[in-house]
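Trainee: Give me a 3D structure for the following:
(chains A and B)
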2 protein chains.
Amino acid sequence: MKLYGYFRSSAVYRVRIALGLKGLDFDNVFVHLRRGDHLAPAYGQVNPQRLIPALADGTHVLTQSLAIIEYLDEAYPEPPLLPPDAVHRARVRALALAVACDIHPLNNLRVLGYLAETLGIDQAGRDAWYHHWITEGFNGIEGLLAESPLTGTYCHGEAPGLADVCLVPQVGNARRFGLDLSPWPTILRIEEACQRLPAFDRARPENQPDAA
Amino acid sequence: MKLYGYFRSSAVYRVRIALGLKGLDFDNVFVHLRRGDHLAPAYGQVNPQRLIPALADGTHVLTQSLAIIEYLDEAYPEPPLLPPDAVHRARVRALALAVACDIHPLNNLRVLGYLAETLGIDQAGRDAWYHHWITEGFNGIEGLLAESPLTGTYCHGEAPGLADVCLVPQVGNARRFGLDLSPWPTILRIEEACQRLPAFDRARPENQPDAA
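Mentor: Next up, the predicted model:
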């Protein structure tokens, strides 16, 4: 398998964790976002959407981190990243989407670029924007986690899964941007449990060969 | 089943279409976003994240439109909204996420509100923002659809599914904000095919009892 990615992209980070949890080997193809590799014609052939990650599994090229992870869970079912029960699966997916739809899209590089270059928002304004969407998102996720008896050592029970795979990179972003994480003790506790697992540790941005 | 929603929310619109395609009856609980019903204590009991939609199926309350639709597809499998093959499922999910992660979160009411109130961006600037993210997103989706032999009458083959359920409400938003849709002929052709189906027609915002 070949993973098209960039060390700092949290969408790619999710896929690295999932591949690690599944015990799957992969080669990296580095797509340097700040240098604009994703805009080059070669990458347009891989993903017309020009976003990372993309995962090549044999002749199939898959895009969108959550679609890739659901694919991995279907094609390589052990260990599962989603629980068996439909209601529980919906809970785990909702937690994952609370990161992937409600926080991350607002804070990625292209959006921060638009705020700076097109709207002329200064660094302080961009930082406040960044903090705002993480705070909104983490308040909701903390509520969903803290109020549910289904929350365990991890977001759902005693094995890491799709929700943890999305949550941990987002906590990493929050830390990198200097947020005080103490209002979200359940999120922090789960993140600490995840970071003790080798699959999460190996996937960290700073442990990637392209980390500058 | 009870659907907590608002006529104009495109995340709720997706769930209405999916319920219609499955032939499932539901009662509406109206959560008026512009009036702030989602911020009232009562709704916090339903969804601590304070976003719509939420779907109550018996005693289970589900949140996040894509998690709800995946649940419906698992709990009420006929007709399926995802194809059987794992690679094809990943393709359909990627198309759905290209709307649900890469376009819609940037253009919803809370983000437009932040741009106006906190950043002081005027109507023209907000319209340009709105157009920009739809254009970026639709360029990618048009590429994914037009270049694939798997695209049929609908986003994937000859039956409507999860990707169409997400695409049609986004086209509706684009139209409402006055975008010229002619650069995306495949998207437009598919949207027209969908709109001929009763499930899509009944789900339209203007056909909802709470449409003002």
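Trainee: Please enumerate the strands of chain A.
Mentor: For chain A, the strands defined by DSSP state E occupy A:2-5, A:27-30, A:54-57, A:60-63.
Trainee: For chain B, find the nearest of those strands.
Mentor: strand A:60-63 (4.8 Å; Cβ to the nearest Cβ). (Each C-beta comes from the backbone N, C-alpha and C, glycine too.)
Trainee: what sits against A:Gly157?
Mentor: A:Pro83, A:Leu150 (Cβ atoms under 8 Å, 6 or more residues apart in numbering or on different chains).
Trainee: buried set for the worst-scoring helix or strand of chain A on mean pLDDT?
Mentor: Sorted by mean pLDDT, DSSP states H and E, the helices and strands of chain A end with helix A:41-46, the least confident at a mean of 89. Within helix A:41-46, the residues scored as buried using 16 or more other Cβ atoms under 10 Å in any protein chain shown are A:Tyr43, A:Val46.
Trainee: So which residues make contact with it?
Mentor: Residues from elsewhere that reach helix A:41-46 (Cβ under 8 Å, 6+ apart): A:Tyr4, A:Val31, A:Asp37, A:Arg50, A:Ala54, A:Ala56, A:Val61, B:Gly143.
Trainee: which among these gets closest to B:His88?
Mentor: Proximity of these to B:His88 (Cβ to Cβ) peaks at A:Val61, which lies at 13.2 Å.
Trainee: could you redo the contacts of helix A:41-46 as TSV and give each row neighbour count, distance to B:Phe200 and pLDDT?
Mentor: Formatted as TSV, those follow (neighbours: other Cβ atoms under 10 Å in any protein chain shown; distance: Cβ to Cβ, whole Å; pLDDT from 0 to 100):
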residue	neighbour count	distance to B:Phe200	pLDDT
A:Tyr4	23	34	97
A:Val31	27	37	93
A:Asp37	17	39	88
A:Arg50	21	29	88
A:Ala54	26	30	97
A:Ala56	16	34	97
A:Val61	17	30	95
B:Gly143	17	24	93
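Trainee: Could you give the number of residues near A:Gln123?
Mentor: By other Cβ atoms under 10 Å in any protein chain shown, 9 other residues sit near A:Gln123.
Trainee: Would you mind pulling up the elements that the lengthiest helix in chain A packs against?
Mentor: Longest helix in chain A, counting residues (DSSP state H): helix A:123-146. Judged by 3 or more Cβ pairs under 8 Å, 6 or more residues apart in numbering or on different chains; DSSP states H and E, the packing partners of helix A:123-146 are helix A:86-100, helix A:104-107, helix A:109-117, helix A:162-176, helix A:185-195, helix B:109-117.
Trainee: Measure how that helix sits relative to helix A:162-176, angle-wise.
Mentor: Between helix A:123-146 and helix A:162-176, the angle comes out at 150 degrees (axes from the mean of the first three to the mean of the last three Cα atoms, to 10 degrees).
Trainee: got the contact list for the nearest residue to A:Pro48 once chain neighbours are set aside?
Mentor: Closest residue in space to A:Pro48, ignoring its immediate chain neighbours: B:Gly143 at 2.9 Å, by Cβ to Cβ, 6 or more residues apart in numbering or on different chains. Going by Cβ under 8 Å, 6+ apart, B:Gly143 touches A:Gly44, A:Pro48, A:Gln49.
Trainee: Kindly reformat the residues you listed as CSV and extend each row with distance to B:Ala86.
Mentor: Converted to CSV, the contacts of B:Gly143 look like this (distance: Cβ to Cβ, whole Å):
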residue, distance to B:Ala86
A:Gly44, 25
A:Pro48, 21
A:Gln49, 20
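Trainee: and which of these is nearest B:Arg175?
Mentor: A:Gln49 (21.9 Å).
Trainee: Look at the nearest residue to that closest one once chain neighbours are set aside and say how many residues are nearby.
Mentor: Of all residues not flanking A:Gln49 in the chain, B:Gly140 sits nearest, at 3.2 Å (Cβ to Cβ, 6+ apart). Using other Cβ under 10 Å, B:Gly140 is surrounded by 21 other residues.
Trainee: try A:Pro84
Mentor: Counted with other Cβ under 10 Å, A:Pro84 comes out at 7.
Trainee: Distance-wise, check the residue lying farthest from the centre of chain A relative to A:Gly44.
Mentor: In terms of distance from the mean C-alpha position of chain A, A:Gly120 ranks first, at 27.9 Å (Cα atoms, centre = their mean). A:Gly120 sits 30 Å away from A:Gly44, going by Cβ to Cβ, to the nearest Å.
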